[in-house]
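Participant: below: sequence and its predicted model.
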Amino acid sequence: MENCIFCRIVAGELPAAKVYEDEDMVVFKDIQPIAKIHLLAVPKEHFKYLSELNAERTALVGRMLEKIAANAPAFGLADGYRLVINQGDSAGQTVPHLHIHILGGQKLGWE
Ligand code: 5GP
Ligand code: ZN
């Protein structure tokens, strides 16, 4: 989608520190990390919200979760990690393209 930052990263039009890519998604380092390891898993298909899931997107997000789990050791996250999806303004969603935050590399607190 034109003017979407994450679509432009997916297309290679904007630089990002990519650590993984396949037919479904790219995973790259968050530009403002809030944990020692902070990655973003972004589907290649543009849609904004988790609330916009349909059957195909549900399967896509399922494959993303499976592949995040499979690749966690390669991401330096063998000891564990936290996945976060911010849905909407109240949760602080700032980029209107679904993304899964992958956080770890340290002991994580819980507010
Ligand atoms: P949200 O608040 O929407 O859940 O998370 C958006 C995340 O994207 C933030 O953690 C922010 O630091 C990250 N981000 C925003 N723009 C860019 C960018 O151009 N490159 C990268 N690598 N991360 C970005
Ligand atoms: Zn997009």
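Facilitator: Sure thing, it's come through. All figures in this text were calculated on a predicted structure; none of them were measured in a lab. Ligands and ions are numbered 1, 2, ... in the order given.
Participant: skipping its backbone neighbours, what lies nearest Ala78 in space?
Facilitator: For Ala78, ignoring the flanking residues on the chain, the nearest one in space by Cβ to Cβ, 6 or more residues apart in numbering is Ala72 at 6.6 Å. Every C-beta, even on glycine, is put in place using the N, C-alpha and C of the backbone.
Participant: just checking, the one you found touches Tyr81?
Facilitator: Yes - the pair Ala72 and Tyr81 passes the contact test of Cβ atoms under 8 Å, sitting 5.9 Å apart.
Participant: kindly tell me how buried Pro73 is, as a neighbour count.
Facilitator: For Pro73, the count of nearby residues is 10 (other Cβ atoms under 10 Å).
Participant: meant to ask about Leu77, not that
Facilitator: Other residues within reach of Leu77, judged by other Cβ under 10 Å, total 19.
Participant: surely it touches Ile102?
Facilitator: Yes - contact criterion Cβ under 8 Å: Leu77 and Ile102 qualify, at 7.2 Å.
Participant: any common contacting residues for the two?
Facilitator: Counting by Cβ atoms under 8 Å, 6 or more residues apart in numbering, the residues touching both Leu77 and Ile102 are Ile37.
Participant: assign the residue nearest the centre of the chain to helix, strand or coil.
Facilitator: With distances taken as Cα atoms, centre = their mean, the chain has Ala41 as the residue nearest its mean C-alpha position (2.2 Å). Using DSSP: H, G, I helix; E, B strand; the rest coil as the criterion, the local structure at Ala41 reads strand.
Participant: spatially nearest residue to it (excluding sequence neighbours)?
Facilitator: Counting by Cβ to Cβ, 6+ apart, the residue nearest Ala41 is Ile100, at 4.2 Å.
Participant: show me the contacts for the one you found.
Facilitator: Contact partners of Ile100, counting by Cβ under 8 Å, 6+ apart, are 40-42, 61, 64-65, 68, 83-85.
Participant: much appreciated, bye for now.
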